[in-house]
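Trainee: What would the 3D arrangement of this be:
(one chain, ligands or ions: 1)
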Amino acid sequence: MKRRQEDFANLVNEVDIIMLDIEGTTTSISFVKEELFPYVRQEISNYLKETWDTQLTKDDVAALTRQVSEDARAGVEPLPTSHSPEVLIPALVATVAAMMDADSKVPALKALQGHMWHRAYLNGAITGHVYNDVVEALQQWKKAGKRLVVYSSGSVQAQKLLFSHSCHGDLLHYFSDHFDTSVGAKVEAGSYRTILQALHSPPPEKVLFITDLVKGELGGVTNLTFIVC
Ligand SMILES: CSCCC(=O)C(=O)COP(=O)(O)O
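Mentor: I've put the predicted structure just below:
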């Protein structure tokens, strides 16, 4: 255990930028699976009905429709062509539920979830979970001059909401940058190259990505080290 802590401290010392995953890393998996996701499932029908005429929801519906028609080529049911909310809303509710059952990380779903959580954080229905030792680490790393950034499948808006409405108060100020699946999925090496390009001002700085799970073929990304917590 002590050895592991020393290795971790050495890794942290060697890098300039620390990038954090959220679910299972800064935040418990149970918060995401038992609070955030169920909120979307429970509220989506009402949310769509109440916000149907807003530009935000029109954009979300358009993005979901595009996503579903792309997925339709892989055998997924397309959405009805009707513009009537009475027809479309139940179909969207079923589609979003199916996407969430599959733990889809597509930007169209993540954007809609973020917009729905905005309400929930503001009205106090949800408070973002962040582990105690994460807050201590953020303080130490900031003091040591590290640049702190986030990369999560949750939308940038959802990340900012979680940290600004956390159970430890507003922690958003610790982070300089946020990345979501608009740079690509967490299982693709190209996503990390895009992030490194966005973060680096030459000469290249070293980045440590702290995450609970490494999936995909992610070797060969220069200046990036993964550590699984
Ligand atoms: C910003 S918290 C929302 C969590 C979420 O939507 C998700 O898909 C979890 O993704 P992560 O990459 O943090 O495991």
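Trainee: Of all the residues in stretch 21-35, which ones are buried?
Mentor: Neighbour-count burial for stretch 21-35, counted by 16 or more other C-beta atoms under 10 Å, picks out 21-23, 25-27, 31-32, 35. No exception for glycine: its C-beta is placed from N, CA and C like everyone else's.
Trainee: again, but for stretch 138-152
Mentor: 138, 141, 146-152.
Trainee: so which of those comes closest to the ligand?
Mentor: Nearest to the ligand among the buried residues of stretch 138-152, counting by C-beta to the nearest ligand atom, is Ser152 at 3.5 Å.
Trainee: So for the nearest residue in space to that closest one that is not next to it in sequence, what pLDDT did the model give?
Mentor: In space, and not counting its chain neighbours, Ser152 is closest to Ile22: 4.0 Å by C-beta to C-beta, 6 or more residues apart in numbering. Looking at Ile22, its pLDDT stands at 97.
Trainee: Look up phi and psi at Ile22.
Mentor: Dihedral pair for Ile22: phi -110, psi -80, per degrees, to the nearest 10.
Trainee: swap in Leu224?
Mentor: Main-chain torsions, Leu224, degrees, to the nearest 10: phi -120, psi 130.
Trainee: what's the burial count for it?
Mentor: Here the count is done by other C-beta atoms under 10 Å, and Leu224 has 20 residues near it.
Trainee: Next one: it relative to Ala94, how far apart?
Mentor: Distance, Leu224 to Ala94, by C-beta to C-beta, to the nearest Å: 39 Å.
Trainee: got it, and Ala158?
Mentor: Noted for Ala158: a distance of 22 Å to Ala94, by C-beta to C-beta.
Trainee: Equivalent analysis for Val61, please.
Mentor: Per C-beta to C-beta, Val61 is found 14 Å from Ala94.
Trainee: quick revisit: looking at Ala158 and Ala94, which one has more neighbours?
Mentor: Between Ala158 and Ala94, Ala158 has the larger neighbour count (other C-beta under 10 Å), namely 25 against 12.
Trainee: give me the residue from this structure nearest the ligand.
Mentor: Counting by C-beta to the nearest ligand atom, the chain gets nearest the ligand through Gly154, at 2.4 Å.
Trainee: Touching, that residue and Asp21? I think so.
Mentor: No - Gly154 is beyond contact range of Asp21, at 9.9 Å (criterion: C-beta atoms under 8 Å).
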